[in-house]
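K.L.:
quick one: sequence and predicted model below, then my questions.
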Amino acid sequence: MDWFEQARVAEQLRDWDAAIALVSAHAECYSTDHYMHDNHLWHMDLLARAERFSELTELALTDVHARRRLNRSLRDQGMEAVLRSRAKDGDRDALYVLVRLLCETNRAQEAHRAVQDCGPEDQYAHQIVARFRSPSSGTQ
């Protein structure tokens with residue numbers, strides 16, 4: 001059985017240590033080898049599914065894929081306070097994830113406040129809120 005098959009089996013068994021070790025050995029962010037890049041994305045997904053948020057947080061300092069996967073995981077775990085903190089520290093993706101979450105849960109006013117607190121000059125964050133507030137979106 002080759003490493004890929006071993007990694008898939010480990011993933012299915014939720015043997016995160018084995019799966020992560022196997023995949024990370026064949027992963028490289030922004031590699032010209034698309035298999036290495038795909039394995040990097042798989043590695044980030046495995047870290048998130050294993051709830052290794054501290055590792056993702058460390059990688060997120062320099063890796064956009066880790067940052068995005070971390071923020072989605074924080075959203076999925078309902079960790080709004082952590083998302084807000086990351087947004088206040090300048091993580092724009094965390095701001096967008098937080099704003100979408102608040103808007104999607106009918107908290108557009110809170111989303112607007114989050115934009116004002118964390119990114120008052122961020123036009124994209126304002127656009128997200130505006131889309132949810134527009135009459136055509138069905139929400140107010």
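P.N.:
All right, it came through fine.

K.L.:
Ala108 versus Val99, what's the distance?
P.N.:
Distance, Val99 to Ala108, by CB to CB, to the nearest Å: 9 Å. Quick note: C-beta positions are derived from backbone N, CA and C, even for glycine.

K.L.:
can you pull the residues that touch both of those two?
P.N.:
Shared contacts of Val99 and Ala108, defined by CB atoms under 8 Å, 6 or more residues apart in numbering, are found at Val129.

K.L.:
out of the two, which sits in the more crowded spot?
P.N.:
Per other CB atoms under 10 Å, whichever of Val99 and Ala108 has more neighbours is Val99, with 29 against 21.

K.L.:
who touches Ala27 in this structure?
P.N.:
Met36, Asn39, His40, Trp42, His43 are the contacts of Ala27 under CB under 8 Å, 6+ apart.

K.L.:
mind doing that once more with 10 Å?
P.N.:
By CB atoms under 10 Å, 6 or more residues apart in numbering, the contact set of Ala27 is Ile20, Tyr35, Met36, His37, Asp38, Asn39, His40, Leu41, Trp42, His43, Met44, Leu46.

K.L.:
for the last one, helix, strand, or coil?
P.N.:
It stands for Leu46. Under DSSP: H, G, I helix; E, B strand; the rest coil, the three-state class of Leu46 is helix.

K.L.:
quick check on the contacts of Ala27: which are buried?
P.N.:
Ile20, His37, Asn39, His40, Leu41, Trp42, His43, Met44, Leu46 (16 or more other CB atoms under 10 Å).

K.L.:
could I get these as a markdown table with secondary structure and pLDDT?
P.N.:
Converted to a markdown table, these look like this (DSSP: H, G, I helix; E, B strand; the rest coil; pLDDT from 0 to 100):
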| residue | secondary structure | pLDDT |
| --- | --- | --- |
| Ile20 | helix | 98 |
| His37 | helix | 96 |
| Asn39 | helix | 97 |
| His40 | helix | 97 |
| Leu41 | helix | 97 |
| Trp42 | helix | 98 |
| His43 | helix | 98 |
| Met44 | helix | 98 |
| Leu46 | helix | 98 |
